[in-house]
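Trainee: With the input below, show me the fold.
(chains A and B)
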Protein chains: 2
Amino acid sequence: MDNYEKVTELARRRGFLWPAFELYGGAAGFYDYGPLGAPLKRRIEDIWRQFFVIKEGFAEIEAPTIGVEGIFQASGHLSGFSDPLTSCKECKEIYRADHLIKHIIEVPDALSNQEIYSVIKENEIGCPECGGELSEVYEFNLMFKTMIGPGNKMAGYLRPETAQGMFINFPRLLRYFRDRLPFAAVQIGKSYRNEISPRQGVIRLREFTQAEAEIFIDPRDKTHPRFDEVKDVRMKFYSQAAQERGEPEEMTFGEAVERGVVAHQMLAYYVARTYQFLLAVGVSPERMRFRQHQSDEMAHYAADCWDAEVLLDRLGWIEIVGIADRTDYDLKAHMDISKVNLKVFVPFEKPVKRQKLVVKPDMKALGPRFKGQAKAVAEALKSLNPEELEGERILIDLGGEKIEIDSSLVSYETVEEEVRGEEIVPHVIEPSFGIDRITYSVLDHAYYEDTVDGEARSVLRLSPAVAPIEVAVLPLMDRDELVRPARKIVDDLRVLGFRVDYDTSGSIGRRYRRNDEIGTPYDVTVDYETVEQGTVTIRDRDSMNQVRVKVEELCEKLEQLRSGALKFEDAGEPVSSAKEQESPAA
Amino acid sequence: MDNYEKVTELARRRGFLWPAFELYGGAAGFYDYGPLGAPLKRRIEDIWRQFFVIKEGFAEIEAPTIGVEGIFQASGHLSGFSDPLTSCKECKEIYRADHLIKHIIEVPDALSNQEIYSVIKENEIGCPECGGELSEVYEFNLMFKTMIGPGNKMAGYLRPETAQGMFINFPRLLRYFRDRLPFAAVQIGKSYRNEISPRQGVIRLREFTQAEAEIFIDPRDKTHPRFDEVKDVRMKFYSQAAQERGEPEEMTFGEAVERGVVAHQMLAYYVARTYQFLLAVGVSPERMRFRQHQSDEMAHYAADCWDAEVLLDRLGWIEIVGIADRTDYDLKAHMDISKVNLKVFVPFEKPVKRQKLVVKPDMKALGPRFKGQAKAVAEALKSLNPEELEGERILIDLGGEKIEIDSSLVSYETVEEEVRGEEIVPHVIEPSFGIDRITYSVLDHAYYEDTVDGEARSVLRLSPAVAPIEVAVLPLMDRDELVRPARKIVDDLRVLGFRVDYDTSGSIGRRYRRNDEIGTPYDVTVDYETVEQGTVTIRDRDSMNQVRVKVEELCEKLEQLRSGALKFEDAGEPVSSAKEQESPAA
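Mentor: Residues are numbered from 1 along each chain as shown, chains lettered A, B, ... in the order given. As a prediction, the model looks like this:
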């Protein structure tokens, strides 16, 4: 068994996550988060919120997961978000056409459907299942489609990303932020991609959770006011140049911007915050890298793009976050389709004076001469520049038709006007997080094995910040005199917001082992000294050391341990016999 | 303007919530939660989680929002979750058929589609739009349907409730809870109903958020171990009997169970917790009631059902929570369709001895005589009772065919066996919360107007526990010497997890008013005394009183105010001139 198998088996058996719809035969690409997985995922989301909503002051919004057609016309998902398919004419099985020619064409993405089909034909590729003839290659859109309301009148699509919710709410967000750049909005929520044949557990899901931020900035200023806070953070940058050398390069963020490794401060700042967030939830720095997109994998409009990647057993390097400078692409696309002005008026520091040409056509003369066209002629005249207005005959272009106007019919003058600012289309920095992948990475990186008393011990070394159970309360035996104080401790801890488990079944050693396996940082054991002297033991998951504390101080000590204000060694009297209890037979 | 209009206008203008897809013409039944609405909703969900996940120890899970066909076959949504429609043959407009005959038939729900159509015909009801002839009445299923994967092979449905996720995960949940009843699982998440023509803002949405708990209990014991904690809570019960009298009746929960007003402790306990939760998020006790379902509105399998209803301006009494004893209906339905055993083995306190009849057919004799039927004959013999085995000729029934067997071919004896327990199908208590409706109710009940200096003031009297902005930090003027300390306070508060807004635009009075309107409990004003003496003022939203505190004590005081440990009057030196700043012109 490799680690991948061990982690997924543990995750399924202990209630973290498992394939959905088991009762009804399942469906690839859908997973359930169980009683331990859901709180783990939730806590990762909460830490994300702490980083990006609370500390950065970004606005969290919640838009529907179903969207209407116009949105995805503008975003390009309706036309471009698809995979090339081919079907077997015999057995009707369906395949990714580009995958079938991967052994012939290294990068089939560049080929058209017709070209892929030609390669299939030329190489006499048949159905992998039955050898039958394959159909022509066709596009399959990866959005789940449905119909809104009765009568098949209005199509709806399950969103393939949360980002569009921020873009289409841009006018309201701008107003909320009192018409000033920069500002940002985020969403944490479900997105959907109707993958052809999803595999790899929660790494490729048809329904998944994203946390995305859209940071709207003035394109003329890509510095960040708090860049100083991260400029000395050191990290391994796997830049385009470093990828050519095959080796990431460690440096500070300050250096990375100075040397042009990262395009600008604004992007670098959020790469740094992403790095800090991933460390905070428990992604291992040794198995994480930030890789810059190669020019040919970057979207044509993007100025720079970095992926956070993690190394996972069996799966290799997997992208878990993407951070891109998307320039003005998204807002311009929505302006085009919606015909709504999404520009922002940015006032100058102080108003400037500008020379402005004012053209005054003589409508009394133009009217009778051009009749219905007179207004268009006047507009054409107004759009001319001073040079074109010189001379006796003025030439205008009226939808292809050239017309000459006598200069006596037009007067013009140059006036000075005060300009208070200008309209700009903001640029967008987008950090986009795959929460399911991050959750799985945290499990994979936390998984650890050691040997205790000659027996293998599996441990999830989860950070207390994300552990689904924070404290397990364990009466040494299932007897009333121990159960009563134990129950009281459970209730007290729950009032304080602790996630507590209570367990009486099996030997104390077995119960420690069960809690190690799910990453519970602290076990509280209620024994006969609790009854006699009012003390309990706290056991530390990683060291397996125990300390003895007074019951009335327990809650406070656990709160301090949770917040990091207290070190475990200082929490109470060390228990010397602790290790003896570690045999599951104890 | 009535309050409904005022609240929805405020909600839209200030960034709580608004109809979705404005940029693309909108679609009825979809709403966006904005920068203030999303945190308000999130905090309500978090308090729900505090009540039901942390304090009750229920397991939170997260199942996909898309489900496969079998689930909704078992739940009945595939066949029964629909509305009767009719379309105009001329203009093609579609209508709820039962709504068109409401002025003729008071309760059209009882009619079949054919009967509704007959009423339409007999009364010559035409299209309300164009007067055209209406089509026959047909059913429209309210689930959004989509297709999973390519090739239209597998249908998927957006879940109409979160509940099914708990039911179909019953085997894994049972294992997680170490095979013992009672236990419970919850989900907070999106559900979908493809309403025909949704109205009433967030009250009737096509995409909405539910928080549901499924509490699996032993049907033979419907007491609750912690009922004592709620038995003295007083509430108005609008029972079936009270509804006949037209007047809710106030009593304690203990009395309600004793008098049989609520069916049993188990249901009453969760009604009480629901009541406490609704009070905690800010639903007004004066505009809330718990109404028992009438026998004819209750599902046929339900043992008892109570709705929490709130009184909303313009909309009247609206259901926001339902709490039902669903008996064993759901698990039995899933057993039927999935063929998986969902019974729970419940051990007896101690094993019991039972007499058991063991029938031993003489297979050596039966085999040659009955050949292929011999096994069926033996099974039939084994199922007989002692009386039927008496006599010389034993009569069995083999699928309708009567067969006589000589008693010499069968021996039987009675043995004593030890039985350790029995298999039962758990009953389910289901509290189901409509989070969008609760969020809107909180806004409606918090909305308040008073007059200050002859000017109307709008206030959202939100509880600090749910207010989206907890503290507004306001430099008296937008000058560097005030901005710098103000910014520092913002950062310090954010590190502590406060949701903080910073605002410099407009007069201080206007900024107070803006924050009153969105329910910010506390405004911190940075003025020249901050620079000179290191103090700031804290202003209380509801009383408009101000106190002056030292900057270095500010964070701690606000934390104490937030937790309720400190009263506002005791937070600092009262500021006597506070009211003078209240004019928006100040």
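
Trainee: Pull the distance from stretch A:202-216 to the chain's centre.
Mentor: The gap between where stretch A:202-216 is centred and where its chain is centred comes out at 4 Å by C-alpha atoms, centre = their mean, to the nearest Å.

Trainee: the longest strand in chain A is where?
Mentor: strand A:344-361 (DSSP state E).

Trainee: same question for the following helix or strand past that one, mean pLDDT?
Mentor: Using DSSP states H and E, the helix or strand that follows strand A:344-361 towards the C-terminus is helix A:363-370. For helix A:363-370, the per-residue pLDDT values average out at 84.

Trainee: helices or strands up against helix A:363-370?
Mentor: Helix A:363-370 is packed against helix A:374-382, with contacts defined by 3 or more C-beta pairs under 8 Å, 6 or more residues apart in numbering or on different chains; DSSP states H and E. Any C-beta I mention is one placed from the backbone N, CA and C, and that applies to glycine too.

Trainee: got the angle for the helix it packs on vs strand A:344-361?
Mentor: Helix A:374-382 and strand A:344-361 meet at an angle of 110 degrees, taking axes from the mean of the first three to the mean of the last three C-alpha atoms, to 10 degrees as the criterion.

Trainee: Name the residues of helix A:374-382 that come out as buried.
Mentor: A:Ala374, A:Val377, A:Ala378, A:Ala380, A:Leu381 (16 or more other C-beta atoms under 10 Å in any protein chain shown).

Trainee: one step back: how about the longest strand of chain A and chain B, any contact?
Mentor: No. Using C-beta under 8 Å from any C-beta of the partner chain, we find that strand A:344-361 stays clear of chain B, coming within 12.8 Å at best.

Trainee: So which elements touch that strand?
Mentor: helix A:374-382, strand A:410-424.

Trainee: averaging pLDDT over each of the ones you listed, which comes out lowest?
Mentor: helix A:374-382 has the lowest average pLDDT among these, namely a mean of 84.

Trainee: can you list the residues that contact the following helix or strand past it?
Mentor: Moving toward the C-terminus from helix A:374-382, the first helix or strand encountered (DSSP H and E) is helix A:386-389. Where contact means C-beta atoms under 8 Å, 6 or more residues apart in numbering or on different chains, the residues beyond helix A:386-389 that reach it are A:Leu357, A:Val359, A:Leu381, A:Ile394, A:Leu395, A:Ser407, A:Val410, A:Tyr412, A:Thr414.

Trainee: could you dump helix A:386-389 to CSV, C-alpha only?
Mentor: Taking Å, rounded to 0.1, in the frame of the first residue of the first chain, the C-alpha atoms of helix A:386-389 are listed here in CSV:
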residue,chain,number,x,y,z
PRO,A,386,-8.5,70.5,-36.8
GLU,A,387,-6.4,69.6,-39.8
GLU,A,388,-9.3,68.0,-41.5
LEU,A,389,-11.4,71.1,-41.0
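
Trainee: separation between the closest residue to chain B within the stretch 351-500 of chain A and A:Cys555?
Mentor: Shortest the stretch 351-500 of chain A-to-chain B distance, computed as C-beta to the nearest C-beta: residue-wise this is A:Arg494, at 5.3 Å. In this view, A:Arg494 and A:Cys555 are 11 Å apart by C-beta to C-beta, to the nearest Å.

Trainee: pLDDT wise, what is A:Arg206 at?
Mentor: 97.

Trainee: same thing with A:Glu580?
Mentor: 64.

Trainee: tell me the domain ranges of chain A?
Mentor: A:1-65+A:178-338+A:425-460, A:351-424, A:469-574 (automatic domain parsing).

Trainee: Check the separation of the first and last residues in the second one.
Mentor: What it means is domain A:351-424. Counting by C-alpha to C-alpha, to the nearest Å, you get 16 Å between the two ends of domain A:351-424.

Trainee: what's the answer for the last one, then?
Mentor: Start and end residues of domain A:469-574 are separated by 23 Å (C-alpha to C-alpha).

Trainee: what distance separates it from the centre of its chain?
Mentor: 36 Å.

Trainee: Which pair of the contacts of helix A:386-389 spans the longest distance?
Mentor: Farthest pair in the contacts of helix A:386-389 (C-beta to C-beta) is A:Leu395 and A:Thr414. Separation: 21.0 Å.

Trainee: tally of neighbours for the nearest residue to A:Ser295 once chain neighbours are set aside?
Mentor: Among residues not flanking A:Ser295 along the chain, A:Gln240 sits closest, at 7.2 Å (C-beta to C-beta, 6 or more residues apart in numbering or on different chains). When neighbours are defined as other C-beta atoms under 10 Å in any protein chain shown, A:Gln240 has 14 of them.

Trainee: Please apply the same query to A:Lys360.
Mentor: 12.

Trainee: A:Gly26 too?
Mentor: A:Gly26, neighbours per other C-beta under 10 Å, totals 13.

Trainee: Show me the beta-bridge partners of the nearest residue to it once chain neighbours are set aside.
Mentor: In space, and not counting its chain neighbours, A:Gly26 is closest to A:Pro19: 5.2 Å by C-beta to C-beta, 6+ apart. Assessed by DSSP bridges, A:Pro19 has beta-bridge partners A:Tyr31.

Trainee: Let me know the pLDDT of A:Pro19.
Mentor: A:Pro19 is given a pLDDT of 97.

Trainee: Quickly note the distance from it to A:Arg12.
Mentor: Counting by C-beta to C-beta - A:Pro19 and A:Arg12 are separated by 8 Å.

Trainee: show me the contacts for A:Glu9.
Mentor: Contacts of A:Glu9 (C-beta under 8 Å, 6+ apart): A:Met1.
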